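1. Sequence plus predicted model, see below.
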Amino acid sequence: MPAPLVECIPNFSEARRPEVVEEILSAIRAVVGVRILDHHSDMDHNRTVVTYVGPPTAVEEAAFQGIRIAAGKINLDEHTGAHPRIGATDVVPFVPIAGVTMQECVEMARRLGKRVGEELQIPVYLYEEAATRPERQNLENIRKGQYEGLKEEIASQPGRAPDFGPAKLGPAGATVIGARQPLIAFNAYLTTDEVPIAQKIARAIRQSSGGLRYVKAMGILVDGRAQVSMNLTDFRQTPIARVVELVRREAARFGVAIHHTELVGLAPQESLVDAAVWYLQLDQFEPDQVLETKLFEMQHETGEAADSSTQSSFMERLASGTPTPGGGSASAYTGAEAAALVAMVARLTVGKKKYAEVEAQMWAVIEQADALRTELSTCVEEDSAAFEELMAAMKLPKDDEVQLKIRAEAIEKATIGAIRVPLKVARLSLEAMKLALLVCRQGNTNAISDGATGATLARAALTGAGFNIRINCQGLQDAGSAGQYFSNLQELEKQADEIQKSVAQTLIERGGFNIG
């Protein structure tokens, strides 16, 4: 697979103070891995649209930093502009580009929304694919009444309560965060300054008024010209060329024409190629006739090969003739696999009408399982490091009493480290088992076997970690500590056995399994 790449297009309610825009851009640029592709400031709208890309974690962090700076620099009580808005950072969409699913972008939106709500005390609404309510899928519904209207209603009307953060609006307003397909912001300037004409054209072409599907439009005055401002939410279903031609025909009814059009931010190459094919009547055109497409395919193939090599590196190291990584690292790796399976089942459950009642619980499972996977993955290297430290202590000189004492103390300390890491793996694996039981009981029944497999892998990880704890406890000089570690392990194993029985019973009752 290609390296994960996510696009983010935050819209900030500021364009007339370039120093503020630059401060926001600097905060985004400062995050390692992020690359700003474009930024567009419109003075009439008093709005700046930034487009940047990068790996998911970096993109998410950059969005938070941009929101943080905007919240401290933009006061919505003093803001004016032609474009509708409810916040200093008005909207933050995540768009999957390569190696990332829409579901992962939804999770990014939820994590960012929760963080913004808790740390910045800004109300957050989730929209498009991340929406928690059907009526919040459309941005226009959330923006109804703009900042001023929301300020009056957010605390008094339950339907206006945010998904995260306080039900109270400060000068930074609220922020809408979500995940969506690529959107094209496209404007048509008319050969007139009569805004009512632009408004009538917008009404004729937008979906909400019976026009073209996947088209949102409004008429405003920009730079002395009437403008039809549009968002094209699915250019494959409603191509740019079709929209332009309808705007042209509607404008002709009023004796005006299109003066010029404008692209705000970036657009997928495919959308522009489609427009060129339509206008040039290239009926025999094939996408791979575009030079850049061929070059991208070559890069994609190279990326796949590199990614495959990275994935196999741990297995190759494990199979080598060196003592590390060993059984402890393998146990941690297996525990991480278990947590990954649990998260997968939860992800296969959210968004399904049949499981709407447990959706909130499944989102919590996803967050916890992903955190467990990260911790257990870290333990893979931690276990190797702990064992290597123990080996180094055993190689210390022992020529006299002083050296023997130093060596014995170093071995005891390193042995404790070599016990604590697998004990951590055992505890985390038990947590993964608990989550596995939960998804088996409440998650998508089509994936119940995956949940059970996760529970089984987590139990295996706990067992493997237990072997490492037991063998290292034998080397401890402090018998009391050894006994405590052993007692802790036995308690974890006892709980794991009970969970394993419950998983088996759930498979019989809910999955119809015949378990002998």
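-> Cool, the structure landed.
2. residue contacts, the residue positioned nearest the centre of the chain?
-> Centroid-nearest residue in the chain: Met108, 2.3 Å away (criterion: CA atoms, centre = their mean). Contacts of Met108 were listed using CB atoms under 8 Å, 6 or more residues apart in numbering, and they are 6, 56, 59-60, 94, 179. C-beta: built from backbone N, CA, C; applies to glycine.
3. please redo it, this time with the cut-off set to 7 Å
-> 56, 60, 94 (CB atoms under 7 Å, 6 or more residues apart in numbering).
4. For the last one, give me phi and psi.
-> Dihedral angles phi and psi of Phe94 (degrees, to the nearest 10) take the values phi -110, psi 140.
5. Same question for Glu107.
-> phi -70, psi -40.
6. ok, now Arg115?
-> Per degrees, to the nearest 10, the backbone of Arg115 is at phi -70, psi -40.
7. Test my guess that it contacts Phe64.
-> Yes: using CB atoms under 7 Å, Arg115 is in contact with Phe64, at 6.1 Å.
8. shared neighbours of those two, anything?
-> Counting by CB under 7 Å, 6+ apart, nothing touches both Arg115 and Phe64.
9. SS state for Pro196?
-> The assignment at Pro196 comes out as helix when based on DSSP: H, G, I helix; E, B strand; the rest coil.
10. can you check Met218 too?
-> Under three-state DSSP, Met218 comes out as strand.
11. and what of Val92?
-> Assignment for Val92 (three-state DSSP): strand.
12. Could you double-check that Arg29 sits in contact with Ile36?
-> Yes: here Arg29 reaches Ile36: they are 6.1 Å apart, a contact under CB under 7 Å.
13. how about the nearest residue to Glu412, chain neighbours excluded?
-> Gln477 (5.5 Å; CB to CB, 6 or more residues apart in numbering).
14. Quick check: the one you found vs Glu409, distance?
-> Going from Gln477 to Glu409 by CB to CB, to the nearest Å gives 9 Å.
15. looking at the chain, which helix or strand is least sure?
-> helix 291-319 (a mean of 66; mean pLDDT, DSSP states H and E).
16. and the next element down the chain from it?
-> helix 327-347 (DSSP states H and E).
17. Quick one: list the elements packing against that next one.
-> helix 359-394, helix 401-442, helix 448-473 (3 or more CB pairs under 7 Å, 6 or more residues apart in numbering; DSSP states H and E).
18. Now the phi/psi pair for the residue in the chain sticking out farthest from the centre, please.
-> Distance to the chain centre peaks in the chain at Asp400, reaching 58.3 Å (criterion: CA atoms, centre = their mean). Dihedral pair for Asp400: phi -140, psi -180, per degrees, to the nearest 10.
19. what residues go with each domain of this protein?
-> 5-179, 184-288, 324-511 (automatic domain parsing).
20. Please work out how many residues are found near the nearest residue to Gly466 once chain neighbours are set aside.
-> Computed as CB to CB, 6+ apart, the closest residue to Gly466 that is not its neighbour in sequence is Leu489, at 5.4 Å. Neighbour count for Leu489, taken as other CB atoms under 10 Å: 21.
21. helix, strand or coil for Leu489?
-> helix.
22. Show the pLDDT at Gly99.
-> Per-residue pLDDT puts Gly99 at 87.
23. Quick check: it touching Leu5?
-> Yes: counting by CB under 7 Å, Gly99 does reach Leu5; the two are 6.2 Å apart.
24. Residues in contact with both of those two, list them for me.
-> With CB under 7 Å, 6+ apart, Gly99 and Leu5 have no common neighbours.
25. ok, the residue farthest from the centre of the chain to Ala410 distance?
-> 15 Å.
26. And for Asn472?
-> Asn472 is 15 Å from Ala410, by CB to CB.
27. Neighbour count: these two, which is higher?
-> Asn472 (25 against 17).
28. Quick one: residues contacting that one.
-> By CB under 7 Å, 6+ apart, the contact set of Asn472 is 415, 418-419.
29. so Tyr279 sits in a helix?
-> Yes: the assignment for Tyr279 is a helix, going by three-state DSSP.
30. so what pLDDT did the residue nearest to Lys216 when sequence neighbours are not counted get?
-> Once flanking residues are discounted, Lys216 sits nearest to Asn231: 4.3 Å by CB to CB, 6+ apart. Asn231 is assigned 93 on the pLDDT scale.
31. does Asn231 really touch Ala185, like I thought?
-> Yes: between Asn231 and Ala185 there is a contact at 5.8 Å, judged by CB under 7 Å.
32. returning to what we had before: could you check how far the residue farthest from the centre of the chain is from Thr293?
-> 73 Å.
33. Tyr127 in helix, strand or coil?
-> strand.
34. Please report how far Asp478 lies from Gln403.
-> Relative to Gln403, and taking CB to CB, Asp478 is found at 21 Å.
35. Over to Phe254?
-> In terms of CB to CB, Phe254 sits 96 Å off from Gln403.
36. The two: which is more packed in?
-> Phe254 (16 against 12).
37. residues contacting the closest residue in space to the more buried one that isn't next to it in sequence?
-> Excluding its sequence neighbours, the residue lying closest to Phe254 (CB to CB, 6+ apart) is Ile197, at 4.8 Å. By CB under 7 Å, 6+ apart, the contact list for Ile197 reads 190, 226, 254, 256.
38. how about 10 Å then?
-> Contacts here follow CB atoms under 10 Å, 6 or more residues apart in numbering; on that basis Ile197 touches 190-191, 219, 226, 228, 250-251, 253-256.
39. Could you give me the PyMOL selection string for whichever of the residues you listed are buried?
-> To isolate the buried members of these in PyMOL, using 16 or more other CB atoms under 10 Å:
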select buried, resi 190+219+226+228+250+251+254+256
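40. Pick the one among the contacts of Ile197 closest to Glu367.
-> Val228 (42.3 Å; CB to CB).
41. Could you look up the SS state of the closest one?
-> Strictly by three-state DSSP, Val228 counts as strand.
42. Quick one, grab the pLDDT at it.
-> Here, the pLDDT recorded for Val228 equals 97.
43. Run through the bridge partners of it.
-> Counting by DSSP bridges, Val228 forms beta bridges with Ala188, Gly219.
44. now it: how far from Thr191?
-> Distance from Val228 to Thr191, by CB to CB: 12 Å.
45. Quickly list what's touching both of those two.
-> Contacts common to Val228 and Thr191, judged by CB under 10 Å, 6+ apart, are 197, 251, 258.
46. residues in contact with the last one?
-> Neighbour list for Ile258: 188-191, 201, 228, 244-245, 247-248, 251-252 [criterion: CB under 10 Å, 6+ apart].
47. can you rerun that using 7 Å?
-> 188, 190, 247-248, 251.
48. So which other helices or strands are in contact with the host helix or strand of Ala251?
-> Secondary structure assignment for Ala251, by DSSP H and E: helix 240-253. For helix 240-253, the packing partners by 3+ CB pairs under 7 Å, 6+ apart come out as strand 184-190, helix 195-205, strand 225-232, strand 258-264, helix 269-280.
49. Any buried residues in it, and which?
-> 240-244, 246-247, 250-251.
50. what is the orientation angle of it with strand 184-190?
-> 20 degrees (axes from the mean of the first three to the mean of the last three CA atoms, to 10 degrees).
51. Which residues outside helix 240-253 are in contact with it?
-> 184, 186, 188, 190, 201, 204-205, 212, 215, 228, 230, 232, 257-258, 261, 271, 274-275, 278-279.
52. rerun at 8 Å
-> Contacts of helix 240-253 (CB under 8 Å, 6+ apart): 184, 186, 188, 190, 197, 200-201, 204-205, 211-212, 215, 228, 230, 232, 257-258, 261, 271-272, 274-275, 278-279.
53. what does the model give Gln361 for pLDDT?
-> Per-residue pLDDT puts Gln361 at 92.
54. That one and Gln368: what is the separation?
-> Gln361 is 10 Å from Gln368, by CB to CB.
55. got it, and Glu286?
-> Glu286 is 47 Å from Gln368, by CB to CB.
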